[in-house]
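**Q** My questions concern the predicted model and sequence given below.
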Amino acid sequence: MILVLGGTTEGRIVARILEEAGKPFLYSTKGGGQEMELVHGKRICGAMDEKVMTECCSNEHIGLIIDAAHPFAVQLHQTVAGVAAQLGLPVIRYERKYPPRNPDFIWCDDYVDAMQKMRQHKVSRLLAWTGVNTIRPLKAFWSEHESFFRILDREDSRRIAMEQGFPTDHLLFYQEESDEDMIRQIAPDAILTKESGTSGFFEEKTHAAVKYGIPVYVIKRPQLSPFFLSVDGEFGLRREIYRLLPGFFDLHCGLTTGSCATAAAKAALYGILYKKELSDMEIQLPSGESVTLPIASVEEDSSGVTCSVIKESGDDPDVTNGCVIRVHVQVIEGDGDNEPEVCLKAGPGVGTVTLPGLGLEVGGPAINQTPRRMIESELRRLVASSGRKISSMIVTVSVDHGEELAKRTFNPKLGIVGGISIIGTSGIVRPFSSEAFVASIRKEIQVAKAIGSPQLVINSGAKSERFLKSYLASLNLPLQAYVHYGNFIGDTVRIAVETGFRKIIMGLMLGKAVKLAEGALDTHSKKVIMNRDYLLHTAEKAHCGTDILSAIRSLTLARELWQIISPEAFPDFYQLILQDCYRSCKPLLQSANLDLLLISEEGKVIPLRTV
């Protein structure tokens, strides 16, 4: 079991991630104010001291604590540290994202330090955005200087303020007016806030103060136990859970080729700038999360440095899992003040683009846009922090055995020759990702459009495609016109229409046709199964005999219908199925035309007659 200390935005994120595992866990909050819908998690409410938390962890067989509580919940963090030390439990701290500390702000170690500095600077009218629970520790200041506190408009918050004797006419409430309106109304000498991070709207709060030239005093976030394992995003949390509780998630995520290439490139540049070899390298994913990847090798030559990273796809059936991604970086010194240019090149095993439609330059390396941005931003930040004057960097990405691996991907069909693509939109590989499959469909359709194919032929897989190519041979369509939808019929039709195709041909094997006929635009067996009642109803409408109806009742696979119902004897049966398939797709078509072709196991094609 896992114990989560939540009550925050970060707590919600942790709960959502743990829910995906389908395993039980505990979600603890001090009060019941945070509404949560949990399926596998059990909600517990009430403050826990060290004794209560120890008993909870022992009784519930807790093997891991995830601290996602507010950064200023100092007592709770100390309790967690004490319980973890006593029971020998690991603790993951799911940390907020914090912007860099603005040097123009006045940074304070704690409330005592803040009061001392405000007195020194003769602050006499304070607007505090630190919350109701800071009224007590700041009492020595507001008792002597006019102060206003913004708090939540709740009965318990009002009660806490009244118990401290704070004047009620100096209480302000969230959502009554904007930060700017509040500053104009109060006209404070200073703003006091806490380093609450992105989810605490720190930048939004301070932006208004900066705009009006109001000095900003900030309480630094408290230091946590050095024994907590800190993560600041979904992948980091998952990776630590994989390591600490291997069985909690049945499937593990990995990192994309783009993330691997970024880490290798950054490590190579670091070696050039600082003459040091690193065993791992931290990069930032597109989400802003920081992850660290191990560096497998570092090699220096006369022109630069090459570093390698071994791709780990987790449990995704990825052909690149375990492959070695190498990046060579060469720098060209300069004396200008502009950002250095980054020139990306395809080395051995990385493909070259030969067709339009991928959003990449024809003749250029098959490195997708997100990995390009990741590599460029990491290298430019590293150069900026080093102070070196560099005009450009030549970055050559290679993949061991990439040319052979590419034959097992969509690359040949997309017109990418000579190797694999460096890809990834999030930097993370999620196992058996439907998003990745749909993204591949979109790329294929874009290529088909870019090369000028007049029609798009969508089909479930290689078998149906083979039959369709023979049936449609007279159309002389390019190879790229044939796109596999797998189970994602609805997404494929929608993307085809969005891309601008006005003529779409869909090939259907009978199993998927029966599901689509009832409106299932995603035909995965986990989401929809064959409905015998639908088949019986359709057979009755087609005037099939009682012997056929009896055979349908014992049917196990839809394709067995070909042996039960002859297309020649009962053509209406298959036409009725195709008509229902068309009705399922019609809302997606807009002005596009859709031709439906039903394909038998032997390759016989039955077209839908005019609807």
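**A** Looks like it came in fine. Just so it is clear, the model here is predicted, and its values are computed rather than measured.

**Q** Tell me which residues touch Gly49, please.
**A** Not quite, residue 49 is Asp, not Gly. Thr79 (CB atoms under 8 Å, 6 or more residues apart in numbering). Placement of C-beta: from N, CA and C, glycine included.

**Q** Distance-wise, check it relative to Val342.
**A** Distance of Asp49 to Val342, given as CB to CB, to the nearest Å: 54 Å.

**Q** Adjacent strands (with direction) for the helix or strand Ile283 falls within?
**A** Assigned by DSSP states H and E, Ile283 belongs to strand 280-284. Using DSSP bridges, the strands paired with strand 280-284 are strand 290-294 (antiparallel).

**Q** Enumerate the positions of the partner strand that are buried.
**A** Within strand 290-294, the residues scored as buried using 16 or more other CB atoms under 10 Å are Ser290, Val291, Leu293.

**Q** contacts for stretch 350-361?
**A** Residues from elsewhere that reach stretch 350-361, judged by CB under 8 Å, 6+ apart: 346, 362-369, 397-399, 402, 406, 411, 414-422, 443, 446-451, 480.

**Q** List the buried residues for that stretch?
**A** By 16+ other CB under 10 Å, the buried positions in stretch 350-361 come out as Val350, Gly351, Thr352, Val353, Leu355, Pro356, Gly357, Leu358, Leu360.

**Q** The residue nearest the centre of the chain: what's it in contact with?
**A** By CA atoms, centre = their mean, the chain has its centre lying nearest to Ser426, at 5.5 Å. Ser426 sits next to Thr256, Leu285, Pro286, Ser287, Thr370 when contact means CB under 8 Å, 6+ apart.

**Q** Which members of those residues occur in helices, if any?
**A** Counting by DSSP state H, these place Thr370 in helices.

**Q** For Cys45, see how far away Lys51 is.
**A** Relative to Cys45, Lys51 is positioned 17 Å away (CB to CB).

**Q** neighbour count winner among the two?
**A** Looking at Lys51 and Cys45 with other CB atoms under 10 Å, you find the greater number of neighbours at Cys45, namely 13 against 10.

**Q** quick one: that one and Ala558, what's the gap?
**A** Per CB to CB, Cys45 is found 50 Å from Ala558.

**Q** How far does stretch 246-255 stretch from one end to the other?
**A** With CA to CA, to the nearest Å as the measure, stretch 246-255 spans 18 Å from end to end.

**Q** tell me the mean pLDDT over that stretch?
**A** On average, the pLDDT along stretch 246-255 is 86.

**Q** list the buried ones in it?
**A** Phe248, Phe249, His252, Cys253, Gly254, Leu255.

**Q** how far does it sit from the chain's center?
**A** Centroid separation for stretch 246-255 versus its chain: 15 Å, with CA atoms, centre = their mean, to the nearest Å.

**Q** next one: stretch 277-294
**A** 16 Å.

**Q** what's the answer for stretch 585-599, then?
**A** In terms of CA atoms, centre = their mean, the centre of stretch 585-599 is found 32 Å from the chain centre.

**Q** my guess is Phe149 meets Asp169, correct?
**A** No. The criterion here is CB atoms under 8 Å, and Phe149 misses it with Asp169 at 11.5 Å.

**Q** Am I right that Pro222 is in a helix?
**A** No. Using DSSP: H, G, I helix; E, B strand; the rest coil, the assignment for Pro222 is coil, not a helix.

**Q** who are the neighbours in contact with it?
**A** Contacts for Pro222 (CB under 8 Å, 6+ apart) come out as Pro71, Phe72, Val74, His77.

**Q** now swap in Arg125 and tell me
**A** So Arg125 contacts His145, Glu146, Ser147, Ile186, Ala187, Pro188, Asp189, Ala190 (CB under 8 Å, 6+ apart).

**Q** Return the distance of the third one relative to Ile441.
**A** When CB to CB is the yardstick, Ser147 and Ile441 sit 59 Å from each other.

**Q** Neighbour count: those two, which is higher?
**A** A direct count of neighbours by other CB under 10 Å for Ser147 and Ile441 places Ser147 higher, at 25 against 21.

**Q** The residue nearest to the more buried one when sequence neighbours are not counted sits in which helix or strand?
**A** In this structure, Ser147 finds its nearest non-sequential neighbour in Leu126, 4.3 Å apart by CB to CB, 6 or more residues apart in numbering. Per DSSP H and E: Leu126 is located in strand 125-129.

**Q** which ones are touching the residue nearest to Ala208 when sequence neighbours are not counted?
**A** Excluding the flanking residues, the one nearest Ala208 by CB to CB, 6+ apart is Asp179, at 3.8 Å. By CB under 8 Å, 6+ apart, Asp179 lies in contact with Glu204, Lys205, His207, Ala208, Ala209.

**Q** Out of those residues, which two sit at the greatest distance?
**A** Farthest apart among the contacts of Asp179 by CB to CB are Glu204 and Ala209. That separation is 10.5 Å.

**Q** and those two? which has more neighbours close in?
**A** Ala209 (22 against 11).

**Q** Isn't that one up against Arg184?
**A** No. Applying CB under 8 Å, one finds Ala209 not in contact with Arg184, separated by 11.6 Å.

**Q** what are the ranges of the helices in the stretch 451-600 of the chain?
**A** 462-471, 489-499, 510-517, 532-541, 546-553, 561-564, 571-589 (DSSP state H, counting those that start in this stretch).

**Q** Remind me which helix or strand Val218 belongs to.
**A** strand 216-219.

**Q** Distance from the chain centre to whichever helix or strand comes after that strand, please.
**A** Sequence-wise, the next helix or strand downstream of strand 216-219 (DSSP H and E) is strand 229-231. Centroid separation for strand 229-231 versus its chain: 19 Å, with CA atoms, centre = their mean.

**Q** Same check on stretch 492-510?
**A** 27 Å.

**Q** Restricting to C-alpha, output that stretch in PDB.
**A** Provided in PDB are the C-alpha atoms of stretch 492-510 (Å, rounded to 0.1, in the frame of the first residue of the first chain):
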ATOM      1  CA  THR A 492      -8.800   8.000 -38.700                       C
ATOM      2  CA  VAL A 493     -11.900   9.300 -40.500                       C
ATOM      3  CA  ARG A 494     -11.900  12.400 -38.400                       C
ATOM      4  CA  ILE A 495      -8.200  13.100 -39.200                       C
ATOM      5  CA  ALA A 496      -8.700  12.400 -42.900                       C
ATOM      6  CA  VAL A 497     -11.500  14.900 -43.100                       C
ATOM      7  CA  GLU A 498      -9.500  17.500 -41.100                       C
ATOM      8  CA  THR A 499      -6.500  17.000 -43.400                       C
ATOM      9  CA  GLY A 500      -8.700  17.800 -46.400                       C
ATOM     10  CA  PHE A 501      -9.500  14.500 -48.100                       C
ATOM     11  CA  ARG A 502     -12.900  14.600 -49.800                       C
ATOM     12  CA  LYS A 503     -12.700  11.000 -51.100                       C
ATOM     13  CA  ILE A 504     -12.200   8.200 -48.500                       C
ATOM     14  CA  ILE A 505     -12.400   4.500 -49.100                       C
ATOM     15  CA  MET A 506     -12.700   2.200 -46.100                       C
ATOM     16  CA  GLY A 507     -11.900  -1.500 -46.100                       C
ATOM     17  CA  LEU A 508     -13.500  -3.500 -43.400                       C
ATOM     18  CA  MET A 509     -13.000  -7.100 -42.300                       C
ATOM     19  CA  LEU A 510     -16.200  -8.600 -40.900                       C
END
